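S.K.: no sequence for this one, just the structure:
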């Protein structure tokens, strides 16, 4: 699921606190014989213990507010993102939500911010019809991949022979694979899209490009050991006109990196005149002010001296 999950639980807590009202002493949120705790006390405690995460949570809250004023995210878009997550994570979807203390509603709120960031980042990105067609021609459809990873070639060849003799791939993966993340799932790595193929080591990616559905690879050596790879399913590649919208979106995304996304977010925050009133959280948007390069700073000093 990309590089998302950072401080979801904390952000959820701050979202809840941001809706609390009351006087300056705060609203009581817990009571005891020894005394009460207010939302303001909890807020101060969270700042003390989780300063950097609080700044990040403030960034996320403000970005959602500012970007929602300019870009729209539909229920259909959110539902589609959730379905993509379910497809990618498979049986691990519920475990994924539980790990970050989320229900599906909370997950959608997080995805909404991701979509808003994406819309902002891609707003000024242009692609030509020629570029889109060339991208389509080289594009490869989604595949569902499984593998068995072992430490030495002899073991890999032994397993390969067992498979050739009719052995069950999932059972052999559970019994032999040293990749704990996939072994318990019968070696399954889930669905891999066109861009996702590049996430693997080069030897693995190269092998994927040569395999047909249900074909088992020869042992593939990498820095991690020896892989036996199998593509268990493959989606159909539609006609260009049917896929043009998807191809355009993916091509635009490929032109934007993390640095460009952050620059666009900083630009949007600056245009919205974001100002942090809480002195303890002033650093939340400091990335907007770039430090001068060392050489530029020295040049400026020389100029001033003259």
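M.R.: Structure's in. What do you need? Bear in mind that the values here come from a model prediction, so they are computed numbers and not experimental data.

S.K.: OK, contacts around residue 107?
M.R.: Neighbour list for residue 107: 82, 85, 97 [criterion: Cβ atoms under 8 Å, 6 or more residues apart in numbering]. Where you see a C-beta, it was placed from the backbone N, CA and C, and this is true even at glycine.

S.K.: Which stretches in the stretch 1-150 of the chain count as helices?
M.R.: 8-18, 39-49, 51-68, 75-89, 93-99, 104-122, 129-138 (DSSP state H, counting those that start in this stretch).

S.K.: Can you tell me which of the contacts of residue 107 is nearest residue 41?
M.R.: residue 97 (30.0 Å; Cβ to Cβ).

S.K.: So what touches the lengthiest strand in the chain?
M.R.: Taking DSSP state E as the criterion, the chain has its longest strand at strand 225-234. For strand 225-234, contacts defined as Cβ under 8 Å, 6+ apart pick out 141-153, 155-156, 159-160, 163, 169, 178, 187-188, 203-204, 207-208, 211-217, 219-220.

S.K.: what's the next secondary structure element after that strand?
M.R.: Past strand 225-234, further along toward the C-terminus, the next helix or strand under DSSP states H and E is helix 240-254.

S.K.: Show me what that following helix is packed against.
M.R.: Helices and strands touching helix 240-254, by 3 or more Cβ pairs under 8 Å, 6 or more residues apart in numbering; DSSP states H and E, are helix 104-122, helix 129-138.

S.K.: Which one of these has the poorest average confidence?
M.R.: Ranked by mean pLDDT, the helices and strands packed on helix 240-254 end with helix 104-122 at the bottom, a mean of 92.

S.K.: quick revisit: in strands, which of the contacts of strand 225-234 appear?
M.R.: For those, secondary structure assignment (DSSP E) places 143-150, 188, 220 in strands.

S.K.: list the buried ones in stretch 29-36?
M.R.: Residues residue 29 are the ones in stretch 29-36 that count as buried (16 or more other Cβ atoms under 10 Å).

S.K.: same question for that stretch, mean pLDDT?
M.R.: Mean pLDDT, stretch 29-36: 90.

S.K.: residues making contact with it?
M.R.: 20, 28, 37-39, 42.

S.K.: Would you write a PyMOL line that selects the buried entries of those?
M.R.: Buried members of the contacts of stretch 29-36, defined by 16+ other Cβ under 10 Å, are picked up in PyMOL with:
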select buried, resi 38+39+42
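
S.K.: Identify, from the contacts of stretch 29-36, the entry nearest to residue 253.
M.R.: Of those, the one sitting nearest to residue 253 (Cβ to Cβ) turns out to be residue 20, at 37.6 Å.

S.K.: Before we move on, what's the pLDDT of that closest one?
M.R.: 46.

S.K.: For the contacts of stretch 29-36, work out which two are farthest apart.
M.R.: Spanning the widest gap among those are 20 and 37, at 12.2 Å by Cβ to Cβ.

S.K.: Show me which of the contacts of stretch 29-36 is closest to residue 103.
M.R.: residue 20 (21.0 Å).

S.K.: if we can go back for a sec, now the buried members of the contacts of residue 107.
M.R.: By 16+ other Cβ under 10 Å, the contacts of residue 107 give 85, 97 as buried.

S.K.: Same list, the contacts of residue 107, but as JSON lines with distance to residue 71 and pLDDT please.
M.R.: Rendered in JSON lines, the data for those read as follows (distance: Cβ to Cβ, whole Å; pLDDT from 0 to 100):
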{"residue": "82", "distance to residue 71": "19", "pLDDT": "93"}
{"residue": "85", "distance to residue 71": "21", "pLDDT": "87"}
{"residue": "97", "distance to residue 71": "26", "pLDDT": "89"}
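
S.K.: I'd like the contacts of residue 107 written out as JSON lines, with distance to residue 251 added.
M.R.: Compiled in JSON lines, the contacts of residue 107 are given as follows (distance: Cβ to Cβ, whole Å):
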{"residue": "82", "distance to residue 251": "24"}
{"residue": "85", "distance to residue 251": "22"}
{"residue": "97", "distance to residue 251": "31"}
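
S.K.: so which of the contacts of residue 107 comes closest to residue 115?
M.R.: Nearest to residue 115 among the contacts of residue 107, counting by Cβ to Cβ, is residue 82 at 11.3 Å.

S.K.: which other residues reach stretch 256-266?
M.R.: 63, 117, 120-125, 285, 287-288.

S.K.: Quick check: buried residues in it?
M.R.: Here stretch 256-266 shows 256, 263-266 as buried, counting by 16+ other Cβ under 10 Å.

S.K.: cool, stretch 193-205 as well?
M.R.: Residues 193-194, 196-197, 200, 204 are the ones in stretch 193-205 that count as buried (16+ other Cβ under 10 Å).
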